[in-house]
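> structure for this input, please:
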Amino acid sequence: MSKLQDSLRSKTLEFLNQSGLDLIEFKVTLYQNKKTVECLIDYPQGGVTVTECSKLNKRIVAFLDETNLFGTNFVVEVNSPGLDRTLKNYKDFLRNKGKEICLWLNESIDGKDYVEGLLIDITESELVVNSDNQSLKIGIDLVKTGKLKINWKK
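Here you go, the predicted structure:
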């Protein structure tokens, strides 16, 4: 990452810390001489709103305007992780504690390489999922892919 990107990332983290939000992803891309700043944010327990995304967007734009860090040709996009985002690490799973999740595993547990259930507890290294009326302890390192289960109601 360039010094300019490092500076913006640092300022973005400062803004987020003031609001109790986490930076999930930060990316700066260049296309046809226009820089695009992309941020995914959420609360540690989940539940960031459009209003909070908008506030951060305005703060980043104001900072870029004041500092002229990227000139005048830039776009800032601030979003929540979204329902279909892959759950990858401890913080991702923590945001979804108490929710139904789907896990595809690197190794079988009790003959299963796919588990669906309620995420009832989490530590830095282990998930506890209630699946088929039993609690399964699953190491985070055994999870190939995790997703929030979306229940579409008709």
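> please enumerate the helices of the protein.
3-19, 50-67, 90-95 (DSSP state H).
> need the winner for burial among those helices.
Looking across the helices of the chain with neighbours counted as mean count of other C-beta atoms under 10 Å, the highest average goes to helix 90-95: a mean of 18. For every residue, glycine as well, the C-beta is placed using N, CA and C.
> what is the least confident helix or strand in the chain by mean pLDDT packed up against?
Ranking every helix and strand in the chain by mean pLDDT, DSSP states H and E puts helix 90-95 at the bottom, with a mean of 91. On a contact count with 3 or more C-beta pairs under 8 Å, 6 or more residues apart in numbering; DSSP states H and E, helix 90-95 meets strand 22-31, strand 112-122.
> just how off-centre is stretch 8-23 within its chain?
Offset of stretch 8-23 from its chain centre (C-alpha atoms, centre = their mean, to the nearest Å): 14 Å.
> quick check, pLDDT for the residue of the chain most remote from its centre.
Distance from the centre of the chain peaks at residue 111, with 30.2 Å (C-alpha atoms, centre = their mean). Each residue has a pLDDT score; the one for residue 111 is 87.
> hmm, back to that, switch the helices of the chain over to JSON lines; also include distance to residue 33.
Listed next are those as JSON lines, based on distance: least, C-beta to C-beta, whole Å:
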{"stretch": "helix 3-19", "distance to residue 33": "15"}
{"stretch": "helix 50-67", "distance to residue 33": "15"}
{"stretch": "helix 90-95", "distance to residue 33": "34"}
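> in terms of pLDDT, where does residue 154 sit?
pLDDT, residue 154: 55.
> just to revisit the earlier point, ok, the residue farthest from the centre of the chain to residue 27 distance?
Distance of residue 111 to residue 27, given as C-beta to C-beta, to the nearest Å: 40 Å.
> residue 112 too?
The gap separating residue 112 from residue 27 is 35 Å, by C-beta to C-beta.
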